[in-house]
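[1] Make a model of this:
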Amino acid sequence: MKKVVILMGSKSDLQWSERIAGALEGLGVGAVLRIASAHKAPMRCYEIIKEYEKEDVVFITVAGRSNALSGFADAQTHCPVIACPPYSESFAGVDIFSSLRMPSAVAPLVVLDPEGAALAAAKILGHSEPEIQVRVKKYQAEAKERIERDDEEVSGG
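    Below you'll find the model as predicted:
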């Protein structure tokens, strides 16, 4: 079974990461949560990436402040990396720029919403696992039906 590895920069990212893992569970995709700071423990981070990339996983990185984790992870693996930094009002939210500006030859995707990051990972995994693709299509159909129901309710039609 394909899975997603959620790499956190520190334990303070756990609550945000659990939201991602919960959304993945709803899509029938397993998740592993690990802590691996690119700044404080780069070799440990590297070892974790190498441990899991053999399984063709998707990595979702969760790191606030200076997000070196996403770029570091992406540069170390052939697997997709999705950066999902937790929002912080510190410094007026400008921490996001550390996730958006990457060096050349480094390209993690950035998805700000935890549920959106889970959906993006499931779509990637769904390319090679039809059962996941079916669940993604069902999730999208349910979202569409919810919008249509809400529209009927609001419009009175």
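[2] And for residue 123, the neighbour number?
    17 (other CB atoms under 10 Å). Using the backbone N, CA and C atoms, a C-beta is placed for each residue, glycine as well.
[3] begin at 387 from here
    Happy to do that; since the first residue is 387 now, the last one works out to residue 509.
[4] Secondary structure element holding it?
    helix 500-512 (DSSP states H and E).
[5] Could you list the low-pLDDT ranges of the chain?
    Applying pLDDT under 70 to the chain flags no residue at all.
[6] quick one, strands of it?
    Assigned by DSSP state E, the chain shows strands spanning 389-394, 416-421, 444-448, 467-469, 495-496.
[7] Residues in contact with the shortest one: which ones?
    Under the criterion CB atoms under 8 Å, 6 or more residues apart in numbering, residues 456, 466, 467, 468, 469, 470, 471, 485, 486, 506 lie in contact with strand 495-496.
[8] now those residues in CSV, with distance to residue 418?
    Listed next are the contacts of strand 495-496 as CSV, based on distance: CB to CB, whole Å:
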residue, distance to residue 418
456, 17
466, 15
467, 15
468, 15
469, 17
470, 15
471, 19
485, 22
486, 26
506, 17
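[9] quick revisit: for the helix holding residue 509, packing partners?
    In terms of contacts (3 or more CB pairs under 8 Å, 6 or more residues apart in numbering; DSSP states H and E), helix 500-512 is packed against strand 389-394, helix 400-412, strand 444-448, strand 467-469, helix 516-541.
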